[in-house]
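> With the input below, show me the fold.
(4 chains)
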There are 2 protein chains.
Amino acid sequence: MDFPGEQNYIEQLSIDCVIFGYHQKQLKVLVPKLNFNGDFYALPSGFVIQDEDIDAAADRILRGRTGIQDTYIDQFHVFGKAGRSNETFLDKLLELNKDTLGEKGMNKKQYDWITKRFVSIGYYALVDINKVIPKKIAIDASIDWYDVRELPPMIMDHNEIVAKALDHLRINIDDKLIAFKLLSETFTMKEIQELYETVFNKPFARNNFQKKILDLNVLDRLEKKFTGAANKAPFLYRLRG
Amino acid sequence: MDFPGEQNYIEQLSIDCVIFGYHQKQLKVLVPKLNFNGDFYALPSGFVIQDEDIDAAADRILRGRTGIQDTYIDQFHVFGKAGRSNETFLDKLLELNKDTLGEKGMNKKQYDWITKRFVSIGYYALVDINKVIPKKIAIDASIDWYDVRELPPMIMDHNEIVAKALDHLRINIDDKLIAFKLLSETFTMKEIQELYETVFNKPFARNNFQKKILDLNVLDRLEKKFTGAANKAPFLYRLRG
DNA sequence: CTACATTATCTAAAATCCAGACATTAAATA
DNA sequence: TATTTAATGTCTGGATTTTAGATAATGTAG
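Numbering: from 1, shown residues only, chains lettered A, B, ... in the order given. Now for the predicted structure:
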């Protein structure tokens, strides 16, 4: 969550980013915690500057929290229920932080701006978790990766937003060849399979899975990866192009 | 295109509707023409009222132009390029209609409101073309069905919006069983097949197509349809449920 | 060198897809 | 009324794809 500063933002329009990473058989989402009393978790969000493409705004938000650019990011749904507002959460936050913030914690103009009903465009991004150094912005207490199945309760409808993002990830994973964006540049077949098994929460047959992936014809087979384990070394692969 | 009246709309946010119908082997889109000098065609559009769900806003716009409700309508993409504004088109319209409208044709406040950069949520609807009585609103000169392949040049990026809507129609037609929304309540297998052939612009094999559709297990077979033609009468089908 | 664990590939069976052939039927025609 | 015509409805065998199991290969430990 950001506050309108001197920037000239479009009013009542926000962008929420679901940033997916993958590590040790867990699909993870990057979730900041707000730097206030009370456990307020909120997806990385922001607003659209007047002369900025919405896609550029999403990139900017992603970059601001991860340092990552040029990765896969796509809009997937607009959340626009009538009552969709920061007011409830913000009032609770202000109530719990009277001592440090004073009665309002911000001027009335800011308060009115931020508590209006908001329409939010959901974007989801897939990043190589090893390349991300989660970056706190001013308002954050921390920013951490959570298993998508064990997310903290977040403000507003942010938990629903993640659920919907996961739906879209599953729908698009094959069509758009985006799974590989979650892995390092080189990876083994087993790693891809484990990623799929994590995303779909079900096992795949190893023999046929390998065939399916290789038949996509988008991977280059590289040298073998010697792990020191007492077994055959697997090949490394890399997304071609 | 609508103008902000006494209604309290969200600023810089619009909804554009691509309303698909089907008639005589043609996939059609409902396009109003504006009631001004100059050939201005614009998709049915509108704004979101402050206390209104965005889906409800889309329904309202659809209903206003077609009288239809309770049909399939879904958001499919947000169009939000930085330069996306009514200004160019509106200036041209005002220039061509100086005599009737005066210099501006509206007050400065309205002009400034409407010519700001807009983010637009694209919705597409599928309707039974026989149930629609296209309804002009104040600003329309006419509202007609156009073959999706022979649309007039429309204002702004509206032609692109239709192209993207067609992409989504093709992607979702099987998954969401939405094709039938374009037909009357009862229809023959041939009609479904022709609809598919029109949507995908390619032929399907009759024998296998019938099997595929029946295997969906969502149709009830009704009585036969006697057309008076010198051949076997086809069965009528209806979407179950 | 052998055992073990894991990876890579092959193959046969099953399921699905596809193209053509065949059977049916409502109305026109003779 | 029998025949013809044009379309619909169904079946079948071959091709292709998917699935499950079996087999081969290989890096390290013992």
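
> Contact residues of chain A facing chain B?
Applying Cβ under 8 Å from any Cβ of the partner chain, we find that chain A lies next to chain B at A:10-13, A:48, A:50-56, A:75, A:77-78, A:80-82, A:117, A:119, A:121. (Each C-beta comes from the backbone N, C-alpha and C, glycine too.)

> Check the offset of the top helix by length along chain A from the chain's centre.
As assigned by DSSP state H, the longest helix anywhere in chain A is helix A:158-172. Centroid displacement of helix A:158-172 relative to its chain, using Cα atoms, centre = their mean, to the nearest Å, is 10 Å.

> which strands and helices sit next to that helix?
strand A:9-23, strand A:72-79, strand A:119-126, helix A:189-200 (3 or more Cβ pairs under 8 Å, 6 or more residues apart in numbering or on different chains; DSSP states H and E).

> Pull out the buried positions in it.
Residues of helix A:158-172 classed as buried by neighbour count (16 or more other Cβ atoms under 10 Å in any protein chain shown): A:158, A:161-162, A:164-166, A:168-169, A:172.

> now, which of these sits nearest DNA strand D?
Compare each of these with DNA strand D using Cβ to the nearest atom of the strand and the shortest gap goes to residue A:172, at 17.8 Å.

> With adjacent residues omitted, what lies nearest to the closest one?
Ranked by Cβ to Cβ, 6 or more residues apart in numbering or on different chains and with sequence neighbours excluded, the top spatial neighbour of residue A:172 is residue A:178, at 6.1 Å.

> what's the burial count for the one you found?
For residue A:178, the count of nearby residues is 18 (other Cβ atoms under 10 Å in any protein chain shown).

> quick one: it and residue A:72 touch, right?
Yes. With contact taken as Cβ atoms under 8 Å, residue A:178 and residue A:72 are classed as touching, separated by 5.0 Å.

> Check the contact lists of those two and give me the overlap.
Listed as contacting both residue A:178 and residue A:72 by Cβ atoms under 8 Å, 6 or more residues apart in numbering or on different chains are residue A:126.

> Have a look at the buried residues of helix A:158-172 and tell me the least confident one.
In terms of pLDDT, the lowest of these is residue A:172, showing 91.

> Now do that one against residue A:126, distance only.
To residue A:126, residue A:172 is 10 Å away according to Cβ to Cβ, to the nearest Å.

> Which residues are in contact with each of these two?
Counting by Cβ under 8 Å, 6+ apart, the residues touching both residue A:172 and residue A:126 are residue A:178.

> all strands for chain A, in order.
Taking DSSP state E as the criterion, chain A contains strands spanning A:9-23, A:26-34, A:45-49, A:72-79, A:119-126, A:140-147, A:186-188, A:219-224, A:235-239.

> Tell me the residue of chain A that sits nearest DNA strand D?
Here chain A gets closest to DNA strand D at one residue, residue A:232, 3.0 Å apart by Cβ to the nearest atom of the strand.

> dump the residue contacts of residue A:218.
Residues near residue A:218 by Cβ under 8 Å, 6+ apart: A:177, A:239-241.

> Nearest to chain B, out of those: which one, please.
For the contacts of residue A:218, the minimum distance to chain B (Cβ to the nearest Cβ) is 16.4 Å, reached by residue A:177.

> Just the local confidence number for the closest one, please.
If you check residue A:177, the pLDDT there is 84.

> what's the nearest residue to it once chain neighbours are set aside sitting at in phi/psi?
Among residues not flanking residue A:177 along the chain, residue A:218 sits closest, at 5.9 Å (Cβ to Cβ, 6+ apart). Torsion angles at residue A:218 (phi, psi; degrees, to the nearest 10) stand at phi -130, psi 0.

> Residue A:218 and residue B:220: what is the separation?
Look at residue A:218 and residue B:220: by Cβ to Cβ, they are 43 Å apart.

> what packs against the least confident helix or strand in chain A by mean pLDDT?
Counting by mean pLDDT, DSSP states H and E, chain A has its least confident helix or strand at helix A:98-101, which shows a mean of 80. Here helix A:98-101 touches no other helix or strand, going by 3+ Cβ pairs under 8 Å, 6+ apart.

> confidence score at residue A:140?
89.

> what sits against it?
Residues in contact with residue A:140 (Cβ under 8 Å, 6+ apart) are A:32-35.

> hmm, 6 Å instead?
Applying Cβ atoms under 6 Å, 6 or more residues apart in numbering or on different chains to residue A:140 gives the contacts A:32, A:35.

> Pairing partners for it in the sheet, please.
Using DSSP bridges, the bridge partners assigned to residue A:140 are residue A:34.

> how far away is it from residue A:86?
16 Å.

> same question, residue A:108
In this view, residue A:108 and residue A:86 are 15 Å apart by Cβ to Cβ.

> what about the two, which has more around it?
residue A:86 (21 against 8).

> Let me know the pLDDT of the more buried one.
pLDDT, residue A:86: 93.

> Pretty sure it sits against residue A:115.
Yes. Residue A:86 lies in contact with residue A:115 (Cβ atoms under 6 Å); the separation is 5.4 Å.

> circling back to that earlier point, which residues does the longest helix of chain A contact?
A:16, A:18, A:29, A:43, A:76-77, A:122, A:124.

> Reformat those residues as CSV; add neighbour count, pLDDT and distance to DNA strand C.
Listed next are the contacts of helix A:158-172 as CSV, based on neighbours: other Cβ atoms under 10 Å in any protein chain shown; pLDDT from 0 to 100; distance: Cβ to the nearest atom of the strand, whole Å:
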residue, neighbour count, pLDDT, distance to DNA strand C
A:16, 27, 98, 37
A:18, 26, 98, 30
A:29, 25, 97, 27
A:43, 30, 97, 35
A:76, 18, 97, 27
A:77, 19, 98, 29
A:122, 26, 98, 32
A:124, 27, 97, 29
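
> any low-confidence regions in chain A?
Scanning chain A for pLDDT under 70 picks out the ranges A:1-7, A:102-105.

> domain assignment for it?
Domain ranges of chain A: A:9-172, A:185-239, per automatic domain parsing.

> Can you report how many residues neighbour residue A:182?
By the measure other Cβ under 10 Å, the count of residues near residue A:182 is 26.

> now swap in residue A:136 and tell me
So residue A:136, with other Cβ under 10 Å, has 13 neighbours.

> Then residue A:132?
Applying other Cβ under 10 Å, I find that residue A:132 has 19 neighbouring residues.

> Thank you kindly, that will do.
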